[in-house]
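> all I have is the shape, not the residue letters:
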């Protein structure tokens, strides 16, 4: 079963606007969440993370929100830039564990 | 900066061949991982290793094996390649064996099995 789901395979936004990428999870044991960005022909790179003891973490233009009761997290990019165009993967883990479970990915396209 | 190097960017192999995918990391990380990426399925964990000569099965280990003889090197082996193993293979390493230790990925090996 897919424990981490990204229901939108793609998202297209205009430069300067907000991009919101969503992720849902089913395993209540997950307590650490990460977002990775992947450009074509490159490996994924770590973007931002959040622990379950928080509901928001911000790093520059990137903010991750966590709603534990809904088992939902989202990544906000403000303002979006063409260089943000990439596939974004949501991932979850148990802090005490050693493995990440990834979602299917969302292709973000930011149009100039 | 952590560097994870995968020996081949592209490989084409025939059905039934034994295939070796090599991965080297230069930051003395304890943990190393092999994932495959397929459209619509995201990244799925094949095997991981938290120490030399140690290995753990991931979510899809069937048809694969691994070897970790040295800390910096983690090899993925396809014992008898099949067409359903055509995929992008990604190696990763992390400092700690904990879920809050970010993974550092290589650039991937695109394997085609014909």
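That came through, no problem. Bear in mind the structure is a predicted one, so any value in this text is a computation, not a measurement.
> my guess is residue B:5 contacts residue B:108. True?
No - when contacts are counted by CB atoms under 8 Å, residue B:5 is not listed as touching residue B:108 (11.2 Å). (C-beta placed from N, C-alpha, C; glycine too.)
> looking at the two, which is more packed in?
residue B:108 (23 against 14; other CB atoms under 10 Å in any protein chain shown).
> contacts only, for that one.
If a contact means CB atoms under 8 Å, 6 or more residues apart in numbering or on different chains, then residue B:108 has A:41, A:42, A:43, B:6, B:9, B:37, B:88, B:89, B:90 as its contacts.
> are any of those buried, and if so which?
Neighbour counting by 16 or more other CB atoms under 10 Å in any protein chain shown classes A:43, B:6, B:37, B:88, B:89, B:90 among the contacts of residue B:108 as buried.
> distance to residue A:17, secondary structure and pLDDT for those residues - can I get that in CSV?
Shown next, in CSV, are the buried ones among the contacts of residue B:108 (distance: CB to CB, whole Å; DSSP: H, G, I helix; E, B strand; the rest coil; pLDDT from 0 to 100):
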residue, distance to residue A:17, secondary structure, pLDDT
A:43, 28, coil, 93
B:6, 36, strand, 96
B:37, 28, strand, 95
B:88, 31, strand, 96
B:89, 35, strand, 97
B:90, 31, strand, 97
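> list the contacts of residue A:23.
A:4, A:5, A:6, A:33, A:72, A:73, A:74, A:75, A:90, A:103.
> ok, the second one touching residue A:24?
Yes - contact status for residue A:5 versus residue A:24: in contact at 4.9 Å, counting by CB under 8 Å.
> tell me the contacts of residue B:103?
Going by CB under 8 Å, 6+ apart, residue B:103 touches A:36, A:44, A:46, A:100, B:33, B:92, B:93, B:94.
> what does chain A have sitting close to chain B?
Residues of chain A lying close to chain B by CB under 8 Å from any CB of the partner chain are A:4, A:6, A:9, A:31-32, A:34, A:36, A:41-46, A:49, A:51, A:89, A:91, A:93-105.
> among those residues, name the buried ones.
Here, 16+ other CB under 10 Å leaves A:4, A:6, A:31-32, A:34, A:36, A:43-44, A:49, A:89, A:91, A:93-94, A:97-105 buried among those.
> pass me the low-pLDDT residue ranges in chain A, would you?
When residues are selected by pLDDT under 70, those of chain A lie in A:96-98.
> show me where it has its helices.
Counting by DSSP state H, chain A has no helices at all.
> all strands of it, in order?
A:4-5, A:10-14, A:19-25, A:32-38, A:45-51, A:56-59, A:62-67, A:72-77, A:86-93, A:101-102, A:106-111 (DSSP state E).
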